[in-house]
Every structure is written in structure tokens, then in C-alpha cells.
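Undergrad: I'd like to go over a predicted model; first the sequence, then the structure.
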Amino acid sequence: MLALFIERGDFPVSPVIQLLAAGRSFRQGETDHAALRPTTVSIDRGHYVAVTGASGSGKSTLLNLITGVDRASQGSVVIDGTALETLGEGALARFRGATVGIVFQFFELLPTLTALDNVILAMDLVGKIPAKARRRRALDLLAGVGLVDQAHRSPTHLSGGEQQRVAIARALANDPPILVADEPTGNLDRANGERVAAVFDRCVAEGRTVIVATHERGGLERYHRVLRIEDGRLAEGTP
């Protein structure tokens, strides 16, 4: 059912994400609306996966189940060996903070903080990185996305492409094995979109699992695997 599966010799190949007949429904009046119909899919560690489909097809719902932002209405979601439905809200928030980095389409940076402090705050909230190491790590992450010289500027003084790269640095703050991005280049021009994609390429080369929801039809050859969502159903992968 799933296409474009490429084995990688650099890292152990093992499932890090599993959806087992997992679906998400919403109650609307007297009827249930299936945002994502029961879906079974496994994604291996270190793979670069695109999720494509029209607006409203269920791409974001799939990502929200993987990140634990939404709870599955049925089935099971297993992330890095943990079934998310077994976690209470507090435990789920802690697990998500340490395990999954989320990159939003509209950046979601705090405008009253500098780029540096936005990245540090992500570490402060989770507590996985020792306090004395957080500032140095944040600077290293900003250097990794080419923005260490902008560390002390607020997001309002950065371009859209720069803000998105700060958002990626923040998503990597707690060294998560999984990075999930929802339309991360949707509001960027082509040049900045390529810069962001290059950062994701490097994350995959480091062994992270990266999942990107995109409506774009071009550039899919960079992914190991492409999943298409149509009307809430996981369809055949496309090249």
C-alpha cells in the first residue's frame, strides 16, 4: 500500500511511528465526521516522509495524531515504543516535548522573546537538557540553521524564512528523534523554502525521522516515502 520505501544503511531500520487502525472523528450535530478514517501505517526510524493531499484531506489530522496534539478516536498510536492512548495529559505533554519536535506553518514564535530565548524556552519547559547547557545549545542550534548572528533579535525583526528556521531550531531544542512539520514552506518564497528543506535534509542525515505535510507537487524526489491522504483515507504513495 505504501510506496517509495528506501532502506538506509546508516542507521538501524525500525518502526518509530505506528498507527494501528487509528482514526479521528468529530461530532457535528447528529453525525460523526471522520477527519481521518482508520489508518494502519508504520514509519521507520531515520526516514524522510512527505504527506500530501488537498486542503482538508486529513494531512494535519494525521500529523496531530502522531504528535499527540489530537487523541485517536479509535485504534492505537505508538510513538517510539509508547502507546499514546495510555498516557494522561501531563505525561503526554512531557513525552511530546522530549520526543517530537513540531514545526508550524505560521512559526508560532513568541514575539516578546528574542530568537535565542524562544529556543531556550523550549528547553526550560521540558527540562530534558541541563539548565547550564541550554544557552550554549540554543546558540549552536541557531548556528546550525544559519542564524546565530540573529540570536538577539525578536521575531518581528526577522524575515519569514528566518522565523521558520528559528522555529526549526526550537523544535530541535530537546534533541527529539522525530521532527514533524505542517506546511513549513507554505508561506515562504522559493529560496527560503529551499533553505528550510536543506535543514530538514540535514536532520535526516543525522538519523532523525522527519515528516512533512505539504500541498506541493514538486520536489517530492527528496523524500524516502510519500503518503497521500484523500478524503480522510490513506491512499497509495506517489513518486
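TA: Ah, there it is. Residues are numbered from 1 along each chain as shown.
Undergrad: any idea how far stretch 27-35 is from the chain center?
TA: Put simply, stretch 27-35 sits 27 Å off its chain's centre (CA atoms, centre = their mean, to the nearest Å).
Undergrad: stretch 218-227 now?
TA: That offset, for stretch 218-227, works out to 15 Å (CA atoms, centre = their mean).
Undergrad: ok, stretch 225-237 next?
TA: That offset, for stretch 225-237, works out to 17 Å (CA atoms, centre = their mean).
Undergrad: with only the CA atoms kept, save that stretch in CSV.
TA: The C-alpha trace of stretch 225-237 is given here as CSV (Å, rounded to 0.1, in the frame of the first residue of the first chain):
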residue,chain,number,x,y,z
ARG,A,225,8.5,7.9,1.1
VAL,A,226,5.4,9.8,0.1
LEU,A,227,2.0,9.2,1.6
ARG,A,228,-1.1,10.7,0.0
ILE,A,229,-4.3,11.5,2.0
GLU,A,230,-7.6,11.7,0.1
ASP,A,231,-10.9,12.5,1.9
GLY,A,232,-9.5,11.2,5.2
ARG,A,233,-8.1,8.0,3.7
LEU,A,234,-4.5,7.0,3.3
ALA,A,235,-4.1,6.4,-0.4
GLU,A,236,-1.3,4.8,-2.4
GLY,A,237,2.1,6.5,-2.1
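Undergrad: got the buried residues for that stretch?
TA: Neighbour counts over stretch 225-237 (16 or more other CB atoms under 10 Å) mark Arg225, Val226, Leu227, Arg228, Ile229, Gly232, Leu234, Gly237 as buried. C-beta coordinates here come from the backbone N, C-alpha and C atoms, glycine included.
Undergrad: buried ones in stretch 42-49, by neighbour count?
TA: Buried residues in stretch 42-49, counted by 16+ other CB under 10 Å: Ile43, Asp44, Arg45, Gly46, His47, Tyr48, Val49.
Undergrad: picking that back up, okay, the buried residues of stretch 225-237 in CSV with pLDDT, secondary structure and distance to Arg190 next?
TA: Formatted as CSV, the buried residues of stretch 225-237 follow (pLDDT from 0 to 100; DSSP: H, G, I helix; E, B strand; the rest coil; distance: CB to CB, whole Å):
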residue, pLDDT, secondary structure, distance to Arg190
Arg225, 92, strand, 24
Val226, 93, strand, 20
Leu227, 94, strand, 24
Arg228, 92, strand, 23
Ile229, 92, strand, 25
Gly232, 90, coil, 31
Leu234, 87, strand, 29
Gly237, 56, coil, 25
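Undergrad: for the most centrally placed residue in the chain, which non-adjacent residue is spatially closest?
TA: The centre of the chain sits closest to Val180, judged by CA atoms, centre = their mean, with a distance of 0.7 Å. Nearest residue to Val180, sequence neighbours excluded (CB to CB, 6 or more residues apart in numbering): Ile211, at 4.9 Å.
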